[in-house]
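J.: With the sequence up front, the predicted model follows.
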Amino acid sequence: MRRYNEPVAVRRGLVDGVEGPDQFVWRDRLWRVRAVVGQWVETPPWWEHHAVRGLLGTQHVGSQHVDTGAELPVTSVATLVAEHEVWRVDATLGRLGLVHPDDPGVRGVFDLVLEGETGQWRLAGCLD
């Protein structure tokens, strides 16, 4: 699976009786979700959050610790452990999703993430 971390616009709807991502726009292309392959919840690695490093007063640069001296805004524990919804979907290119659905160039499996902290969607991975 190729890894990405790119924002996407998602429209929610029903797919096979499950409410979740119905369509999404990635890199100016519209994808229609044909099936929900899986759905789970993840807690991101809170120890890598910039606010935690800011509270410790260090930033990692390679294998060295650097004293930042800069104050970062203190964040709440709830922000650090905000859960993300991950949706693995099978999608095809096009509004109706009927453009040669068996052609690997227009079909793929995508990991879409709804970030609990911001409510924004991003594409985390693609298997095409």
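T.: Thanks, I have the structure now. Numbering: from 1, shown residues only.

J.: pretty sure residue 13 contacts residue 36?
T.: No - with contact defined as Cβ atoms under 8 Å, residue 13 does not reach residue 36; the gap is 11.2 Å. Yep, even glycine has a C-beta here, placed from its N, CA and C like the rest.

J.: overlap in contacts of those two?
T.: Shared contacts of residue 13 and residue 36, defined by Cβ atoms under 8 Å, 6 or more residues apart in numbering, are found at 20, 21.

J.: Tell me where the model's unsure across the protein.
T.: Within the chain, the segments meeting pLDDT under 70 span 46, 48-50, 53-81, 95-105.

J.: Which residue of residue 13 and residue 36 possesses the greater neighbour count?
T.: residue 36 (18 against 12; other Cβ atoms under 10 Å).

J.: Who does the strand or helix carrying the more buried one pair with, and is each partner parallel or antiparallel?
T.: For residue 36, the host element (DSSP states H and E) is strand 29-42. Take DSSP bridges as the rule and strand 29-42 pairs in its sheet with strand 18-26 (antiparallel), strand 84-93 (antiparallel).

J.: Residues touching the last one, excluding its own?
T.: Meaning strand 84-93. For strand 84-93, the surrounding residues in contact (Cβ under 8 Å, 6+ apart) are 15, 20-21, 24, 29-44, 97-99, 101, 105-116, 124.

J.: What residues sit buried inside it?
T.: If you call a residue buried by 16 or more other Cβ atoms under 10 Å, then strand 84-93 has these buried ones: 84, 85, 86, 87, 88, 89, 90, 91, 92, 93.

J.: Kindly report the same for the shortest one.
T.: Buried residues in strand 18-26, counted by 16+ other Cβ under 10 Å: 20, 21, 22, 23, 24, 26.

J.: quick one, what contacts the fifth one?
T.: This points to residue 24. Residues counted as contacts of residue 24 (Cβ under 8 Å, 6+ apart) are 8, 9, 10, 11, 30, 31, 33, 91, 110, 112, 121, 123.

J.: again with the third one
T.: Contacts for residue 22 were tallied using Cβ under 8 Å, 6+ apart; they are 11, 12, 13, 14, 15, 32, 33.

J.: can you check the first one too?
T.: Taking Cβ under 8 Å, 6+ apart as the contact definition, residue 20 lies against 12, 13, 33, 36, 39, 87, 89.
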